[in-house]
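>>> When you get a sec, could you give me coordinates for this:
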Amino acid sequence: MYPADSKYFHPAVFTGFLIFLSLVLYTGTAFIVLDKQFPFYQPEYDKNFAVTVVSDNGTPLRSFPDTKGVWRYPVNIKEVSPLYIQALINYEDRYFRFHPGVNPLALVRALFQFLDSGRFLSGGSTLTMQAARILHPHTKDIKGKSCQMFRAFQLEYHFTKDEILNIYLNYAPFGGPIEGVQAASFAYLGKSALELSHAEAALLAVLPQSPSRMRPDRHPDRASRGRNKVLDRMAKFGIWDKSIVKDAKMEKVLARFEPKPMTAPLLARRLKSQGNPFQPVRTFIDPFIQETVADLIYGFTADTPEHTSGAAIVVENKSLKVRAYVGSADFFNNSRFGHVDMVGAIRSPGSTLKPFLYAIAMEEGLIHSESLLVDAPFSFSGYRPDNFTRHFSGPVSASEALCRSLNLPAVDIIDRIGPKFFDTRLRQGGLKLQYPNYQEPNLTMILGGAGTSLEDLVSAYTAFARGGMAGELRFTQNQKIKQKPMLTKGAAYIIRQILEENPRPDLPAGRLFLDRSRQAAWKTGTSYGFRDAWTIGITDQYTIGVWTGRPDGTPSPGQYGRAAAAPLFFSIVDSLPRQYTSPSSIPDTVSRREICWPLGIPASEKYKTGKDPLCHRRRMAWILNNIIPPAFPDRTDELWQPNPVSIMINPETGLRVDIDCPVFNPVKTLIARWPRASEPWLSPELRRKSSIPPFDPRCSSSSFNYADNIKIMGIEDNTIFRPPGSETRLPSVNLMARGGKKNLYWLLNGRLIARSGINETCIYQFKSPGQYQLTVMDQAGNYDFVQFTVISPEI
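A predicted model of the protein is given here:
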């Protein structure tokens, strides 16, 4: 049966169907041809977005605008609050999910209004049409609208609904150079578009309708009225509860305009090349910690001379995440070189490498925590280091020398283990030092004679919190944990315990800081000429590094590690979020033992009462690998001498005898010797215990000669110096000595005041009255001292 024979067939219906089908085919074919002829502009996500560096929670730290100066942050639907999506679609285009790009009913209504009044009175544009207009601007006449509809059909043809919505979310105008909801949310509201409230979502939904007229920072009243229109519609459609809308209307429009975040400008500048416009560089920066540290550094430099800057970095020990990165004191202050990133600048590290030296010396079996070292003037093959204070302390323990950052003991240790070996160990742990003029590693490296950066020092110091493993700092979220063995677990633990005993400069002497979350193991450093002041340290949770100084390398007199960087370091420590963690357990390779000075070894088991004649002082020491090395051989001995010294004593006279002496039943005696260079600082009792009796007159002279006589000339014990006549200045004295070997060192109350050669004379002018002890010491450790009084002219 043919269709014409059907009682249901009508020729007009068939003709109409053919016409409709032809029209659809023609329209479809025409559209495809036009689509090829006039291709749709594809959003250039690789060019038209600001390169943004964001914090761990997505807050922009700094953005770099696109080539046209527009601030546009990449975002997708999942990164925008559902409240905003609801407000946008229900206010702008309720049938967005259903129409083919153009809403026929709204279009017909707008067309009739145009024919009646000559202009468009109500919006017939869908979100698709608005996205098309953003990417392909057009005129507002019939021709322009037709082009807009054609582009909207193209959008629907080439993209999904979510992709079209993404275009709108990223390109919608929000006033000034701000485009996209994410940029607008941060610029006006200071928060991510994912965190919007009902009122904020409504505000941003209406703003693109008239971005200049309703800019909330300039016209809050207009913005409020526009927002309320959106809220009313959401209540009318039943999308949001009326009580929610009522509360939202009560919120005032409080907006700012900050399109250029500058929370971590130098870190962002450093990481900019790692990102791409549609994928922000995601860091581990904690905005709260970052801003707190930046404020502390800014406040510190406010009271310092011009050109002074500061830098700090805060790293989580466990994850190696960089939580704060402040490269300068004030990014916008040219006089303080705010554009110079001092986190990565190569500078002299001062004494900050000493903890690694002591740890490696322990691993090599040279010292334990209480090994006897000597802080006294000495020449190491022509290199004569001083202490920072120019005072010397004589006998000190390894832990005391490290905490007080004494230079002579450190140079003594690095001379014994070798600078090249020390440099190799640091490089194996990831810390590569730079030496001036391509020099080889030398003794000066331990006092700052090499170059490194704050970043590399903090990375190395993480070893003390990570069982000896130094970690590479993680700036971005695509970095994996990388670490290298810097130290053994036991050595790292012992050094951390020593540095934790270093008292905070902001606490009274002898007072302990009981709050474990605020306790730190820390070390300072000061470069030559006060050019760099450092403090690096660790807490249970963080490793923190602080640098202060002048980026141009000029000196900053009086700005040294303990006075400048340490207070800033502890301000940062105290500001960090409190998080209690249990102390790390003692490694199996670490133990505690009582040792004796001056030998540095345990007391004999025979003397449990504590009267061991070879044990002049008892100390509790941290021991690594159960190795208790003796004290270093005395450097002042031209030939190696045993310690203790075994001698024969005449029991009747107590004088020394030898095999040729006609003495009956001599007694063999052991005498523990203190290093000769430390003797000026010993008490009379200890000097008596350590001294070797003279030979009995009946004996021939011995080959053992422990002292070459040296004598201070022109000053007698208990002399009183006063200015002559009417002289108003304090007196001066001639420093002269007889005897001794090579160079002479003159110390006044332990402070080095002069050097001289044999038979040379120096003049010293006293600066204040008081009780003094003047000591002269030669290269071999021989010494003499006198005590006297200087009286003020007024007395």
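>>> I figured Ile178 hits Tyr73, correct?
No - Ile178 lies out of contact with Tyr73 (CB atoms under 8 Å); the separation is 9.5 Å. Backbone N, C-alpha and C define where each C-beta goes, glycine included.
>>> Between those two, which is the more surrounded one?
More crowded of Ile178 and Tyr73, by other CB atoms under 10 Å: Tyr73, with 30 against 25.
>>> what helix or strand is the spatially closest residue to that one that is not a sequence neighbour on?
Using CB to CB, 6 or more residues apart in numbering and skipping the chain neighbours, the partner closest in space to Tyr73 is Gln182 (4.1 Å). Counting by DSSP states H and E, the element that carries Gln182 is helix 181-184.
>>> just Leu735 next, same as before
In this assignment (DSSP H and E), Leu735 forms part of strand 732-739.
>>> Contacts for that strand, please.
By CB atoms under 8 Å, 6 or more residues apart in numbering, the residues outside strand 732-739 that reach it are 708-715, 721, 744, 746, 754, 756, 759, 761-766, 774, 776, 782, 784.
>>> In the sheet, which strands lie alongside that strand, parallel or antiparallel?
Strand 732-739 has the following strand partners under DSSP bridges: strand 710-713 (antiparallel), strand 762-765 (antiparallel).
>>> Quick check: mean pLDDT of it?
Average pLDDT, strand 732-739: 84.
>>> what's the spacing between that strand and its chain's center?
Distance, stretch centre to chain centre, for strand 732-739: 50 Å (CA atoms, centre = their mean, to the nearest Å).
>>> returning to what we had before: kindly write the ChimeraX command that selects the buried subset of the contacts of strand 732-739.
Buried residues among the contacts of strand 732-739 (16 or more other CB atoms under 10 Å), as a ChimeraX selection:
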select :710,712,715,721,744,746,756,766,774,776,782,784
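>>> Next, the distance between the ends of stretch 462-476.
18 Å (CA to CA, to the nearest Å).
>>> Of all the residues in that stretch, which ones are buried?
Within stretch 462-476, the residues scored as buried using 16+ other CB under 10 Å are 462-476.
>>> Relative to Asn665, which of these is nearest.
Distance ranking of these against Asn665, using CB to CB, places Gly468 first at 56.3 Å.
>>> if we can go back for a sec, just checking, which helix or strand succeeds the strand holding Leu735 along the chain?
Counting by DSSP H and E, the next helix or strand C-terminal to strand 732-739 is strand 744-748.
>>> and that following strand, how far out from the chain's middle?
41 Å.
>>> now what about that strand, what contacts it?
For strand 744-748, contacts defined as CB under 8 Å, 6+ apart pick out 376-377, 392, 680, 710, 735, 737, 752-758, 760, 762, 764, 772-778.
>>> again with stretch 778-786
Contact with stretch 778-786 is made by 376, 378-379, 634-636, 638, 675-677, 679-680, 707-712, 715-717, 719, 737, 739-745, 773-777, as judged by CB under 8 Å, 6+ apart.
>>> same question, stretch 684-704
Residues outside stretch 684-704 that contact it (CB under 8 Å, 6+ apart) are 598, 613, 616-617, 645, 647, 649-650, 653-658, 660-663, 671-674, 679, 682, 706.
>>> how much distance is there from it to the middle of the chain?
56 Å.
>>> now swap in stretch 477-487 and tell me
Between the centre of stretch 477-487 and the centre of its chain there are 16 Å (CA atoms, centre = their mean).
>>> what's the angle from the strand holding Leu735 to strand 744-748?
Inter-element angle recorded for strand 732-739 and strand 744-748: 140 degrees (by axes from the mean of the first three to the mean of the last three CA atoms, to 10 degrees).
>>> Give me the buried positions along strand 732-739.
Val733, Leu735, Met736, Ala737, Gly739.
>>> What of stretch 438-448?
The neighbour-count check on stretch 438-448 (16+ other CB under 10 Å) flags Pro441, Asn442, Leu443, Thr444, Met445, Ile446, Leu447, Gly448 as buried.
>>> List the residues that contact Glu364.
Ile417.
>>> Find me the pLDDT at it, would you?
On the pLDDT scale, Glu364 gets 95.
>>> next one: Ile715
On pLDDT, Ile715 comes in at 86.
>>> next one: Ile649
Listed pLDDT for Ile649 reads 86.
>>> ok, it - how many residues close by?
When neighbours are counted by other CB under 10 Å, Ile649 registers 19.
>>> cool, Leu357 as well?
If you count neighbours by other CB under 10 Å, Leu357 ends up with 23.
>>> how does the chain divide into domains?
3-29, 51-250, 590-624, 633-706, 710-790 (automatic domain parsing).
>>> Give me the distance between the residue lying closest to Glu363 once chain neighbours are set aside and Asp303.
The spatially closest residue to Glu363, leaving aside those adjacent along the chain, is Ala491, at 5.0 Å (CB to CB, 6+ apart). In this view, Ala491 and Asp303 are 39 Å apart by CB to CB, to the nearest Å.
>>> Just the strands from the stretch 151-300 of the chain, written as ranges.
All strands of the stretch 151-300 of the chain, identified by DSSP state E, counting those that start in this stretch, fall at 178-179, 281-282.
>>> Could you dump those strands into CSV with mean pLDDT and distance to Ile536 added?
Output for the strands of the stretch 151-300 of the chain, formatted as CSV (pLDDT from 0 to 100; distance: least, CB to CB, whole Å):
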stretch, mean pLDDT, distance to Ile536
strand 178-179, 89, 42
strand 281-282, 90, 27
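>>> In the stretch 551-700 of the chain, where is pLDDT below threshold?
Scanning the stretch 551-700 of the chain for pLDDT under 70 picks out the ranges 605-610, 637-640, 700.
>>> would you turn the domains of the chain into JSON lines with distance to Phe530?
Output for the domains of the chain, formatted as JSON lines (distance: least, CB to CB, whole Å):
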{"stretch": "domain 3-29", "distance to Phe530": "80"}
{"stretch": "domain 51-250", "distance to Phe530": "32"}
{"stretch": "domain 590-624", "distance to Phe530": "33"}
{"stretch": "domain 633-706", "distance to Phe530": "28"}
{"stretch": "domain 710-790", "distance to Phe530": "19"}
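>>> Tell me which of the ones you listed is the most buried.
Compared across the domains of the chain, domain 51-250 shows the largest average neighbour count, a mean of 19 (mean count of other CB atoms under 10 Å).
>>> By mean pLDDT, flag the weakest helix or strand of the protein.
Counting by mean pLDDT, DSSP states H and E, the chain has its least confident helix or strand at helix 11-37, which shows a mean of 62.
>>> still on that earlier bit, I'd like to know which of the strands paired with strand 732-739 is closest to Met129.
Across the strands paired with strand 732-739, Met129 has its closest neighbour in strand 762-765 (91.0 Å, CB to CB).
>>> Just confirm Ala312 is within a helix.
No - Ala312 is assigned strand when assessed by DSSP: H, G, I helix; E, B strand; the rest coil, not a helix.
>>> for it, what are its contacts?
Ala312 sits next to Val293, Leu296, Ile297, Ala324, Val326, Leu454, Ile544, Gly545, Val546, Trp547, Leu568, Ile572 when contact means CB under 8 Å, 6+ apart.
>>> and if you look at Ile77?
Ile85, Asp162, Leu165, Asn166, Leu169.
>>> Then Ser459?
Counting by CB under 8 Å, 6+ apart, Ser459 touches Val315, Gly430, Leu431, Ala470, Gly471, Glu472, Leu473.
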